[in-house]
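Novice: Just a sequence and a predicted model for now, questions to come.
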Amino acid sequence: MQLSSSSGQVSKAREALSVTIFAVALLCFWSMMINVVNPSSDSAGFIGLLMARSLIGLLGWSAWVVPLELIYVGIRFLRGNRPSFEISYFVSFISFVLIIAALLHLAFSSAEQNGVAGGVVGELAGELLKS
């Protein structure tokens, strides 16, 4: 499967991949919005509800970075730029989200909130930083 043509135009496979990435980002964003406004609603469907609860449970408020990153990758695919899917790219993104989750947990979580600000990942990383 060729992702770019020799004339510099975006191939159909690359377009399809970028549209799929945009759809996943939109579903991720929409399901998190629905989960914040009305947690008992399943307007985003089973997959959207599962995605939202998993992301927000794991990452807390820093889960909002995930749809933005997906949109960024989709734009790079659509422009024809080959995204650098090197290990350093993923490690830096995961480190960024981990640090944001830890800082959110340290700054905004209290005993009553039960680690909502940073999620489970932020709570673990934040408690490690605190000790």
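Specialist: Alright, I've got the coordinates.
Novice: list the contacts for Leu55?
Specialist: Shown in contact with Leu55 (CB atoms under 8 Å, 6 or more residues apart in numbering): 28, 32, 63, 66. (C-beta placed from N, C-alpha, C; glycine too.)
Novice: Would you list the phi and psi of it?
Specialist: Per-residue torsions, Leu55: phi -60, psi -50 (degrees, to the nearest 10).
Novice: what helix or strand is the residue positioned nearest the centre of the chain on?
Specialist: Residue closest to the average C-alpha location in the chain (CA atoms, centre = their mean): Val66, at 1.5 Å. Assigned by DSSP states H and E, Val66 falls within helix 65-79.
Novice: mind checking pLDDT for the closest residue to Ala63 other than its chain neighbours?
Specialist: Once flanking residues are discounted, Ala63 sits nearest to Leu55: 3.9 Å by CB to CB, 6 or more residues apart in numbering. Per-residue confidence (pLDDT) for Leu55: 90.
Novice: what are the ranges of the helices in this structure?
Specialist: 12-37, 45-59, 65-79, 87-108, 119-130 (DSSP state H).
Novice: With adjacent residues omitted, what lies nearest to Phe77?
Specialist: Among residues not flanking Phe77 along the chain, Ser18 sits closest, at 4.0 Å (CB to CB, 6+ apart).
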